[in-house]
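>>> Return atomic coordinates for the entry below.
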Amino acid sequence: MRFVLFVIVLLTGAPAAFAADCTVPAAPRVDWQRCYMDGRDFAGHDLAQSRLRETSFQRSDLSGADLRKVDAYRVRFISAALKGAKLDDGLFSEADFTKANLTGASLVRADLRRARFFHASLRGADLTGAKTLGADLLGADLSGARWTDGNRVCAEGSLGQCN
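Next up, the predicted model:
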């Protein structure tokens, strides 16, 4: 199958749809599947509707970044800064947000099923309509976060669950 696609690409000049280019600059709809973006500065960048599946952003700065409607299945945001980032309507199932700073982030209607938020900061985050089935919130700081029902705001000191 790959050989056939390769031949089609050679004959038509069409870009290869099956290969991500990890060197392409940050932009909306970028394809960074399985790329290593560890320790990089993407603060304020627009990555809306991008394909980020299984990409690593460990210790990267994505503060204020636009990550709306991204496909970020199994992405790694370990110890990443995502303060004020917009993750609305994104697919983040099985993503790892261990020790990430999501203070003031918007995760409205985000798919967070089976995501890990071990000791992450979700202070003041908006989780309205987010899917959280199976999400690991062990030690996550949810103080002041708007919970998934859109009505409840978590009390100060809410760790691991919204009180």
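>>> in terms of contact, does residue 155 touch residue 141 like I think?
No: Residue 155 is beyond contact range of residue 141, at 11.5 Å (criterion: Cβ atoms under 8 Å). Heads up, the C-betas are built off the backbone N, CA and C, glycines and all.
>>> higher neighbour count, these two?
Using other Cβ atoms under 10 Å, the more surrounded residue of residue 155 and residue 141 is residue 141, with 24 against 12.
>>> Look up how far residue 47 lies from the more buried one.
As defined by Cβ to Cβ, to the nearest Å, residue 141 lies at a distance of 25 Å from residue 47.
>>> How about residue 102?
With Cβ to Cβ as the criterion, residue 102 and residue 47 are 16 Å apart.
>>> Neighbour count for those two, which is higher?
In terms of neighbours (other Cβ under 10 Å), residue 102 is the more surrounded of residue 102 and residue 47; the figures are 28 against 25.
>>> State the distance from the more buried one to residue 28.
For residue 102, the distance to residue 28 equals 21 Å [Cβ to Cβ].
>>> which sections of this structure are below the confidence cut-off?
1-19 (pLDDT under 70).
>>> Which stretches in it count as helices?
2-12 (DSSP state H).
>>> can you tell me the distance between the two ends of stretch 147-154?
Length of stretch 147-154, first residue to last, Cα to Cα, to the nearest Å: 7 Å.
>>> Likewise for stretch 142-151?
Taking Cα to Cα, stretch 142-151 runs 14 Å from one end to the other.
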